[in-house]
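Trainee: turn this into a model:
(2 chains)
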Amino acid sequence: DVKVTQSSRYLVKRTGEKVFLECVQDMDHENMFWYRQDPGLGLRLIYFSYDVKMKEKGDIPEGYSVSREKKERFSLILESASTNQTSMYLCAVQPLGDGARKTDTQYFGPGTRLTVL
Amino acid sequence: QKEVEQNSGPLSVPEGAIASLNCTYSDRGSQSFFWYRQYSGKSPELIMSIYSNGDKEDGRFTAQLNKASQYVSLLIRDSQPSDSATYLCAVYSGTYKYIFGTGTRLKVLA
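Mentor: Got it, this is the predicted structure:
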């Protein structure tokens, strides 16, 4: 089973604070993703990473940055939190398949409900 | 804009009935299709994946894919109150690109 953990289930921050959300996987999976989920808007991709130090912007990267210094850890950073970043943040992992064949399946961490006041 | 469409519901079914959830997608190049269950306040949990036309069964769940008509559905047999959740349809088009529907809320009435 793929195990994905996130640093906090609930987080409350003030406007302008720098916020770090961390995601950790238990295997050597290459592909990791950060989404936010808002009512009526579904899941929207913020960033993904396909290897250490490698990242690509998703659909809504503005106001966010990411860091992947080790394969098992993918961090989402809100440089200066704003109230419109109040959301559920979900980390996902896409594991390798058998041998070198990637599977297409994503597995999600438990999520972080962030409130920015 | 590539899209995945789901009826938001709620879809209400009595306990023991079959629940039928539907999803349509716009990208004909989509390769892989997924159904996730999400309880309120929790993260999505994978139920089924399907890659080729036809039916795929796993316990009480059956996923159906029709690429020509660009729809994928999920049938839940013998629905239980514990099946009450939001069901997300997701489509993978390659190159790390997943498109999610906004989900259908299912209520199973005891």
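Trainee: from here on, just use CA atoms for contacts and neighbour counts.
Mentor: Will do.
Trainee: closest point of chain A to chain B, which residue?
Mentor: Chain A approaches chain B most closely through residue A:42 (4.3 Å), counting by Cα to the nearest Cα.
Trainee: hey, what's that residue bridged with?
Mentor: As for beta bridges, residue A:42 partners with residue A:38 under DSSP bridges.
Trainee: same question, residue B:62
Mentor: Note on residue B:62: beta-bridge partners by DSSP bridges are residue B:57, residue B:75.
Trainee: wait, it sits on residue B:74?
Mentor: Yes: the criterion here is Cα atoms under 8 Å, and residue B:62 meets it with residue B:74 at 5.7 Å.
Trainee: who has more neighbours out of the two?
Mentor: The neighbour comparison of residue B:62 against residue B:74 (other Cα atoms under 10 Å in any protein chain shown) goes to residue B:74, with 24 against 18.
Trainee: count the neighbours of residue A:39 for me.
Mentor: Residues near residue A:39, counting by other Cα under 10 Å, number 10.
Trainee: so what's it scoring on pLDDT?
Mentor: Here the pLDDT value assigned to residue A:39 is 89.
Trainee: residue A:101 now?
Mentor: pLDDT, read off for residue A:101, is 51.
Trainee: by contact count, what packs against the lowest-mean-pLDDT helix or strand in chain B?
Mentor: Every helix and strand in chain B was compared by mean pLDDT, DSSP states H and E; the lowest is strand B:98-100, with a mean of 92. Contacts defined by 3 or more Cα pairs under 8 Å, 6 or more residues apart in numbering or on different chains; DSSP states H and E place strand B:98-100 against strand B:85-92.
Trainee: send me the strand it packs on as CSV with only the CA atoms.
Mentor: Provided in CSV are the C-alpha atoms of strand B:85-92 (Å, rounded to 0.1, in the frame of the first residue of the first chain):
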residue,chain,number,x,y,z
ALA,B,85,-20.1,10.2,0.2
THR,B,86,-19.0,12.3,-2.7
TYR,B,87,-17.7,10.3,-5.7
LEU,B,88,-15.1,11.9,-7.9
CYS,B,89,-14.4,10.9,-11.4
ALA,B,90,-10.8,11.5,-12.6
VAL,B,91,-9.3,11.2,-16.1
TYR,B,92,-5.6,10.9,-16.9
